[in-house]
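Novice: Provide a 3D model corresponding to the input given below.
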Amino acid sequence: MKPRHAAALALVGWYLMMPPSASDLDSACNGKSIFWNVVGSLSTQQRLYSEAAMCNRESHKLAADASLSKWKRVGFDETLAQCRARYEENQKAPPNGQVMAKLELKDEGKENPSDEELKSRADSLTRFLQAQTAAEKCVASDDPHLKEK
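Specialist: All right, here's what the predicted structure looks like:
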(Lines give C-alpha, C1' and ligand atoms only; values in the text may rest on other atoms or scores of the structure.)
Protein backbone atom coordinates (compact mmCIF):
# COMPACT_ATOMS: atom_id res chain seq x y z
CA MET A 1 0.00 0.00 0.00
CA LYS A 2 1.30 3.43 -0.89
CA PRO A 3 1.79 5.90 1.97
CA ARG A 4 -0.81 8.33 0.60
CA HIS A 5 -3.43 5.52 0.65
CA ALA A 6 -2.57 4.66 4.24
CA ALA A 7 -2.92 8.33 5.21
CA ALA A 8 -6.33 8.51 3.56
CA LEU A 9 -7.53 5.45 5.49
CA ALA A 10 -6.29 6.95 8.76
CA LEU A 11 -8.51 10.01 8.22
CA VAL A 12 -11.66 7.94 7.82
CA GLY A 13 -13.81 7.66 10.91
CA TRP A 14 -16.09 4.75 11.69
CA TYR A 15 -19.68 4.61 12.89
CA LEU A 16 -21.36 1.76 14.68
CA MET A 17 -24.72 1.60 12.89
CA MET A 18 -27.98 0.05 14.12
CA PRO A 19 -30.91 -0.78 11.83
CA PRO A 20 -34.15 1.12 12.38
CA SER A 21 -37.51 -0.27 13.40
CA ALA A 22 -40.51 -0.15 11.06
CA SER A 23 -41.95 2.70 13.17
CA ASP A 24 -38.77 4.74 12.65
CA LEU A 25 -39.53 4.68 8.92
CA ASP A 26 -43.28 5.32 9.24
CA SER A 27 -44.03 9.03 8.98
CA ALA A 28 -47.39 8.43 10.69
CA CYS A 29 -45.53 7.36 13.84
CA ASN A 30 -42.97 10.14 13.72
CA GLY A 31 -41.60 9.39 17.17
CA LYS A 32 -45.01 8.82 18.78
CA SER A 33 -44.37 5.32 20.03
CA ILE A 34 -43.17 6.33 23.51
CA PHE A 35 -43.73 9.27 25.89
CA TRP A 36 -46.85 10.75 24.29
CA ASN A 37 -48.44 13.65 26.09
CA VAL A 38 -52.09 12.82 25.56
CA VAL A 39 -54.59 15.63 26.02
CA GLY A 40 -58.11 16.31 24.81
CA SER A 41 -61.42 14.52 24.80
CA LEU A 42 -61.87 10.83 25.54
CA SER A 43 -62.43 10.06 21.85
CA THR A 44 -59.22 11.90 20.98
CA GLN A 45 -57.39 10.00 23.70
CA GLN A 46 -58.75 6.67 22.45
CA ARG A 47 -57.64 7.49 18.90
CA LEU A 48 -54.19 8.52 20.13
CA TYR A 49 -53.93 5.38 22.27
CA SER A 50 -54.84 3.31 19.21
CA GLU A 51 -52.24 5.11 17.08
CA ALA A 52 -49.66 4.64 19.84
CA ALA A 53 -50.43 0.91 19.91
CA MET A 54 -49.95 0.67 16.14
CA CYS A 55 -46.65 2.55 16.30
CA ASN A 56 -45.53 0.46 19.27
CA ARG A 57 -46.24 -2.74 17.30
CA GLU A 58 -44.20 -1.36 14.41
CA SER A 59 -41.39 -0.50 16.81
CA HIS A 60 -40.95 -4.25 17.42
CA LYS A 61 -40.26 -4.97 13.73
CA LEU A 62 -36.69 -4.70 12.50
CA ALA A 63 -36.17 -2.90 9.19
CA ALA A 64 -32.68 -4.27 8.50
CA ASP A 65 -33.26 -3.91 4.74
CA ALA A 66 -33.65 -0.12 5.04
CA SER A 67 -31.05 1.98 3.25
CA LEU A 68 -27.98 2.62 5.35
CA SER A 69 -28.81 6.34 5.41
CA LYS A 70 -31.86 5.47 7.57
CA TRP A 71 -29.85 3.47 10.13
CA LYS A 72 -29.07 4.97 13.55
CA ARG A 73 -25.54 5.93 14.48
CA VAL A 74 -24.61 4.37 17.79
CA GLY A 75 -20.91 5.20 17.78
CA PHE A 76 -19.46 8.37 16.28
CA ASP A 77 -16.12 9.04 14.60
CA GLU A 78 -14.25 6.10 16.06
CA THR A 79 -11.36 4.07 14.75
CA LEU A 80 -12.29 0.71 13.27
CA ALA A 81 -10.83 -0.99 16.36
CA GLN A 82 -12.99 1.17 18.68
CA CYS A 83 -16.07 0.48 16.59
CA ARG A 84 -15.46 -3.27 16.65
CA ALA A 85 -14.84 -3.17 20.42
CA ARG A 86 -18.13 -1.31 20.98
CA TYR A 87 -19.93 -3.84 18.76
CA GLU A 88 -18.48 -6.75 20.77
CA GLU A 89 -19.43 -5.04 24.04
CA ASN A 90 -23.02 -4.60 22.85
CA GLN A 91 -23.24 -8.27 21.85
CA LYS A 92 -22.26 -9.39 25.36
CA ALA A 93 -25.06 -7.46 27.09
CA PRO A 94 -28.13 -7.33 24.84
CA PRO A 95 -30.88 -5.01 26.07
CA ASN A 96 -33.92 -6.10 28.05
CA GLY A 97 -37.34 -4.75 27.07
CA GLN A 98 -38.97 -4.70 30.53
CA VAL A 99 -38.76 -0.94 31.13
CA MET A 100 -39.75 -0.04 27.58
CA ALA A 101 -42.70 -2.45 27.78
CA LYS A 102 -44.09 -0.57 30.79
CA LEU A 103 -43.66 2.75 28.97
CA GLU A 104 -45.33 1.48 25.82
CA LEU A 105 -48.32 0.09 27.69
CA LYS A 106 -48.68 3.34 29.61
CA ASP A 107 -48.51 5.14 26.25
CA GLU A 108 -51.49 3.09 25.15
CA GLY A 109 -53.53 4.05 28.21
CA LYS A 110 -52.84 0.85 30.15
CA GLU A 111 -51.62 2.14 33.49
CA ASN A 112 -51.96 -1.24 35.23
CA PRO A 113 -51.44 -4.00 32.66
CA SER A 114 -51.72 -7.62 33.72
CA ASP A 115 -48.51 -9.50 34.48
CA GLU A 116 -49.15 -11.63 31.40
CA GLU A 117 -49.58 -8.61 29.13
CA LEU A 118 -46.45 -6.97 30.54
CA LYS A 119 -44.41 -10.16 30.12
CA SER A 120 -45.63 -10.68 26.56
CA ARG A 121 -44.76 -7.10 25.59
CA ALA A 122 -41.36 -7.26 27.33
CA ASP A 123 -40.54 -10.55 25.58
CA SER A 124 -41.46 -9.05 22.19
CA LEU A 125 -39.35 -5.97 22.83
CA THR A 126 -36.41 -8.02 24.11
CA ARG A 127 -36.45 -10.17 20.95
CA PHE A 128 -36.54 -7.02 18.78
CA LEU A 129 -33.75 -5.29 20.73
CA GLN A 130 -31.57 -8.40 20.60
CA ALA A 131 -32.08 -8.71 16.82
CA GLN A 132 -31.38 -5.01 16.37
CA THR A 133 -28.19 -5.25 18.41
CA ALA A 134 -27.07 -8.37 16.54
CA ALA A 135 -27.54 -6.54 13.21
CA GLU A 136 -25.26 -3.63 14.17
CA LYS A 137 -22.28 -3.06 11.92
CA CYS A 138 -19.28 -0.79 11.59
CA VAL A 139 -19.39 1.53 8.59
CA ALA A 140 -16.75 3.95 7.35
CA SER A 141 -17.79 7.58 7.69
CA ASP A 142 -17.14 8.14 3.99
CA ASP A 143 -19.34 5.25 2.86
CA PRO A 144 -21.52 6.61 0.02
CA HIS A 145 -24.53 4.62 1.31
CA LEU A 146 -24.71 6.95 4.34
CA LYS A 147 -25.80 9.89 2.18
CA GLU A 148 -29.52 10.60 1.90
CA LYS A 149 -31.04 9.68 -1.42
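Novice: and the strands in this protein, which stretches?
Specialist: With strands called from DSSP state E, the chain shows them at 14-18, 72-78, 137-140.
Novice: tell me which of those sits most buried.
Specialist: Of the strands of the chain, the one with the most neighbours on average (mean count of other Cβ atoms under 10 Å) is strand 14-18, at a mean of 22. C-betas here are computed from N, CA, C, even on glycine.
Novice: tell me the angle it makes with strand 72-78.
Specialist: For the pair strand 14-18 and strand 72-78, the angle between their directions (axes from the mean of the first three to the mean of the last three Cα atoms, to 10 degrees) equals 170 degrees.
Novice: which residues are in contact with strand 14-18?
Specialist: Applying Cβ atoms under 8 Å, 6 or more residues apart in numbering, the external contacts of strand 14-18 come out as 68, 71-80, 82-83, 86-87, 90, 132-133, 135-141, 146.
Novice: can you put the strands of the chain in CSV and add mean pLDDT?
Specialist: Putting those into CSV (pLDDT from 0 to 100) gives the following:
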stretch, mean pLDDT
strand 14-18, 95
strand 72-78, 87
strand 137-140, 95
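Novice: I'd like to know which of those lies nearest to Pro94.
Specialist: Across the strands of the chain, Pro94 has its closest neighbour in strand 14-18 (12.2 Å, Cβ to Cβ).
Novice: who does the closest one pair up with?
Specialist: strand 72-78 (antiparallel), strand 137-140 (antiparallel) (DSSP bridges).
Novice: how far off centre is it?
Specialist: Centroid displacement of strand 14-18 relative to its chain, using Cα atoms, centre = their mean, to the nearest Å, is 12 Å.
Novice: returning to what we had before: I'd like the strands paired with strand 14-18 as CSV, with distance to Asp107 appended.
Specialist: Compiled in CSV, the strands paired with strand 14-18 are given as follows (distance: least, Cβ to Cβ, whole Å):
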stretch, distance to Asp107
strand 72-78, 20
strand 137-140, 30
